[in-house]
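> Can you look at this prediction? I've put the sequence above it.
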Amino acid sequence: MRMSFRTISYLIRSPAGLLCPTSSSKPISPVVKALTRRMSDHLDRTAHNFRQTGISDATIVAVKDGSSTVKLLTVQVSNPDFRFKAGQWVDFFIPGVELFTGFSMTSAPSKLQQDVTFDLAVKKSDYPPTMWVHTECKAGAKVGVRVGGDQIIYDPSPSDPSWDLLLIAGGIGINPMYSILQHARDLYLRSLSDPTAYRPGRVEFLYSASTSEELIFKESIQEIANDTENISCHFHVTREAVIPTSHTSDHRINGADLATSLQRLDKDRLRCFLCGPPPMIADMESLLESQGVRPDQLHTEKWW
């Protein structure tokens, strides 16, 4: 069965807000049950999150390798009303693939304003939507996208306090953190020429991955930190031997690392954004709270 965007849209707008499969007399295989559960998991986890109404047509304009396990997509949107904020994600619909999932934007909102495109990074798995990205997706492919998410939005207005930011990313949790980092950079540069524009405070960026190769965007992040006086970054490699440097450590992010970053930030005007595997996020929340960060200053998103 091929499921069109219109059919998917109808199904997910059921009264319960979940995708309601039609009944069938055929037995359901264990594989289908597992995949349906994973689709339901995505909907369950995001059922209370903001979602735009309607699905926008989009075209894949570029596909690149971010690492041996990550594909980088550039997506062009034809809907002039399509908008997103740093930290949000899109529901990603593929013609002929009945399941869908969510991918966080890796680009800043300014990229969409400049050339009506945004970027995604997709980690390889056996889930049909991500498998399609890694095995079939090519420039010119048509997809559907719908913006969602309100857990880790960074969208300050000019009248907001000049918040300091602590950004923590684990694995593919880098996606929304990289979007937020670029948006903070854009806001800072704009404030240099426009005294009425919002100016971010200091930004500390901590990024952990299993291997050096999986530190996607590392060079770009380092370049942003080098070129922007209020931004610092530090990388952590957890399952590969690396030579520690001033910007790279060979261990997981720990309490001492957090303390070093917090010393450079103002806790009274601090916002912390965290995205990564649930166990890592739980550890980071506990460590940050033990060092005086209030729960209301923590904004988290967990990726399974």
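Looks like it came in fine. Residues are numbered from 1 along each chain as shown.

> tell me what the longest helix seen in the chain is packed against?
In the chain, with assignment by DSSP state H, the single longest helix is helix 174-193. If you count contacts as 3 or more CB pairs under 8 Å, 6 or more residues apart in numbering; DSSP states H and E, helix 174-193 packs onto strand 97-104, helix 109-115, strand 117-123, strand 164-170, strand 203-209, helix 218-227, strand 231-237, strand 270-276. Every C-beta, even on glycine, is put in place using the N, C-alpha and C of the backbone.

> and those as JSON lines, adding mean pLDDT, distance to T245 and mean neighbour count?
Converted to JSON lines, the helices and strands packed on helix 174-193 look like this (pLDDT from 0 to 100; distance: least, CB to CB, whole Å; neighbours: other CB atoms under 10 Å):
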{"stretch": "strand 97-104", "mean pLDDT": "90", "distance to T245": "28", "mean neighbour count": "22"}
{"stretch": "helix 109-115", "mean pLDDT": "97", "distance to T245": "30", "mean neighbour count": "15"}
{"stretch": "strand 117-123", "mean pLDDT": "98", "distance to T245": "24", "mean neighbour count": "22"}
{"stretch": "strand 164-170", "mean pLDDT": "98", "distance to T245": "19", "mean neighbour count": "26"}
{"stretch": "strand 203-209", "mean pLDDT": "99", "distance to T245": "14", "mean neighbour count": "25"}
{"stretch": "helix 218-227", "mean pLDDT": "98", "distance to T245": "11", "mean neighbour count": "15"}
{"stretch": "strand 231-237", "mean pLDDT": "98", "distance to T245": "9", "mean neighbour count": "21"}
{"stretch": "strand 270-276", "mean pLDDT": "97", "distance to T245": "22", "mean neighbour count": "24"}
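
> Dump those into TSV; add distance to L288 as well.
Shown next, in TSV, are the helices and strands packed on helix 174-193 (distance: least, CB to CB, whole Å):
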stretch	distance to L288
strand 97-104	21
helix 109-115	27
strand 117-123	25
strand 164-170	8
strand 203-209	11
helix 218-227	21
strand 231-237	16
strand 270-276	6
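
> So which of the ones you listed is nearest T69?
strand 117-123 (6.0 Å; CB to CB).

> and the closest one, how far out from the chain's middle?
For strand 117-123, the separation from the chain centroid amounts to 9 Å (computed by CA atoms, centre = their mean, to the nearest Å).

> Give the other helices and strands that that strand contacts.
By 3+ CB pairs under 8 Å, 6+ apart, strand 117-123 packs against strand 70-77, strand 97-104, helix 109-115, helix 128-135, helix 174-193.
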